[in-house]
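Enquirer: Provided below for reference: sequence and predicted model.
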Amino acid sequence: MNILEEFGKRVKELRLKTGITQEALAIRAELDRSYVGAIERGTKNLSLLNIEKLANALDVDLPYLFEHESFAPRCALLKKEMKKPLEKRFICEVDVNEQVIAWRVAGPLSEYDARKLAKEIKNKAMLLRKGEIKLLIDNRSMMVDGQPFVFAPEVYDVWEELQQWLCPYLDQVVVLCNSTFMKNQLDRLAKRSGIAVLSKHIYNEEIEKSNKKALALLGISKSRILVETTVEIDQESKVLV
């Protein structure tokens, strides 16, 4: 496989993981759809400018576009899982004493789900002290058959709006990611929403080490929403399939 074919395969994998069509990617990148198709087939040379356009459309930094990371494609199984009760896919708790809102995402979310959850999170935030809220978010259970998946673009849009709204309420944010891809996307999202200086995104395959780091950064001793072991993630992954 030559360089163009390898790059095309990478673009296609990231596009599928993000859950968008060739046409949607072309629109986001301001490129012709047939041109994007030729890139994915490895039959088209492209300029640095167009590579940057593709990276931005996929919401990743340029270096990540050339990395290798295994992941689960978005598929019918994820759509099937969206039919499960939202409370099975999203677990949230509030600690008034510690001023912490913590949640874990354990399955795929639709835009409708995300908007509903964003409204609930805003309501919880207004019960706490403005400027002192700590967010703890665990996305490590977003797995299918042992491979990570990320939020759909429309869900990221909702999270961006939520972060902008929450910004005046926040003291610190820690997010535990399921992949380098997710961390890369969340780093970019935080810059756009204005919470980058408050937000720390962690990806580490060692569960306990990640947990300890997250708790230490927030200055709290425990949280019930945190995944405790790799077995727990594997079990949730199998539930999804």
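Expert: Nice, I can see it.
Enquirer: can you pull the contacts of residue 21?
Expert: Residues in contact with residue 21 (CB atoms under 8 Å, 6 or more residues apart in numbering) are residue 15. Every C-beta, even on glycine, is put in place using the N, C-alpha and C of the backbone.
Enquirer: How much space separates it from residue 27?
Expert: Distance, residue 21 to residue 27, by CB to CB, to the nearest Å: 9 Å.
Enquirer: Residue 148 now?
Expert: In terms of CB to CB, residue 148 sits 26 Å off from residue 27.
Enquirer: before we move on, what about residue 126?
Expert: According to CB to CB, residue 126 stands 37 Å off from residue 27.
Enquirer: Residue 79 too?
Expert: Residue 79 sits 22 Å away from residue 27, going by CB to CB.
Enquirer: Distance across stretch 30-48, terminal residue to terminal residue?
Expert: End-to-end span of stretch 30-48 (CA to CA, to the nearest Å): 14 Å.
Enquirer: buried sites along that stretch?
Expert: Using 16 or more other CB atoms under 10 Å as the test for burial, stretch 30-48 gives 31, 36-40, 42, 44, 46.
Enquirer: Of all pairs in these, which one is the farthest apart?
Expert: Farthest pair in the buried residues of stretch 30-48 (CB to CB) is 31 and 42. Separation: 15.9 Å.
Enquirer: quick one, domains of the chain?
Expert: Using automatic domain parsing, the domain ranges for the chain come out as 3-66, 79-240.
Enquirer: I'd like those domains as JSON lines, with mean pLDDT appended.
Expert: Shown next, in JSON lines, are the domains of the chain (pLDDT from 0 to 100):
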{"stretch": "domain 3-66", "mean pLDDT": "89"}
{"stretch": "domain 79-240", "mean pLDDT": "90"}
